[in-house]
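In: need a structure here:
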Amino acid sequence: MKTVYETIKKPLLTEKSLTLRDEQNRYSFVVGKTATKGEVKTAVEKFFNVTVTAVNTAPIKGKMHRTGNFAGRRADYKKAIVTLKKGDKIDVVEATAK
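Out: Okay, the predicted model is just below:
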């Protein structure tokens, strides 16, 4: 069994994820590549002390990038979008966009 820290790597704070958070109470995280929906659900519930109603996951391919003559790829990762029960919040991820 994986620990919470192996399952949840970091919150994903983009314009789209902040909109989802504000309008639909959905939070985005970068998770381990082999993490399942059940593992993500238990990790979020255990770590943040909230009730999760749904989990959606998607593998994201790393983008190509260039620096001068050198070309490379960013690392692949897995994204999880977690829907919380109405009234629950995750305070750690709260960011104000002004």
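
In: let me see the ranges of the helices in this structure.
Out: Using DSSP state H, the helices of the chain run over residues 4-7, 15-24, 37-48.

In: what residues of the shortest one count as buried?
Out: In terms of neighbour count (16 or more other C-beta atoms under 10 Å), helix 4-7 has its buried residues at Thr7. Any C-beta I mention is one placed from the backbone N, CA and C, and that applies to glycine too.

In: centre of the chain versus it, how much separation?
Out: Centre-to-centre, helix 4-7 and its host chain are 12 Å apart (C-alpha atoms, centre = their mean, to the nearest Å).

In: deepest in the core, which of the helices of the chain is it.
Out: Ranked by mean neighbour count under mean count of other C-beta atoms under 10 Å, the helices of the chain are led by helix 37-48, which reaches a mean of 18.

In: what's the residue nearest the centre of the chain in contact with, if anything?
Out: Computing the C-alpha centroid of the chain and ranking residues by C-alpha atoms, centre = their mean puts Phe29 first, at 0.9 Å. Phe29 makes contact with 8-12, 40, 44, 79-80, 82, according to C-beta atoms under 8 Å, 6 or more residues apart in numbering.

In: please flag which of those residues sit within strands.
Out: Applying DSSP state E to these, the entries found in strands are 8-11, 79-80, 82.

In: just checking, which helix or strand of the protein averages the lowest pLDDT?
Out: Within the chain, no helix or strand scores below helix 4-7, which has a mean of 89 by mean pLDDT, DSSP states H and E.

In: give me the residues contacting that helix.
Out: By C-beta under 8 Å, 6+ apart, helix 4-7 touches 31-32, 35, 39-40, 43, 46-47.

In: could you work out the most separated pair of the residues you listed?
Out: The two members of the contacts of helix 4-7 with the most space between them (C-beta to C-beta) are Gly32 and Lys46, at 15.2 Å.

In: buried subset of the ones in strands among the contacts of Phe29?
Out: The neighbour count (16+ other C-beta under 10 Å) marks 8-9, 11, 80, 82 as buried among those.
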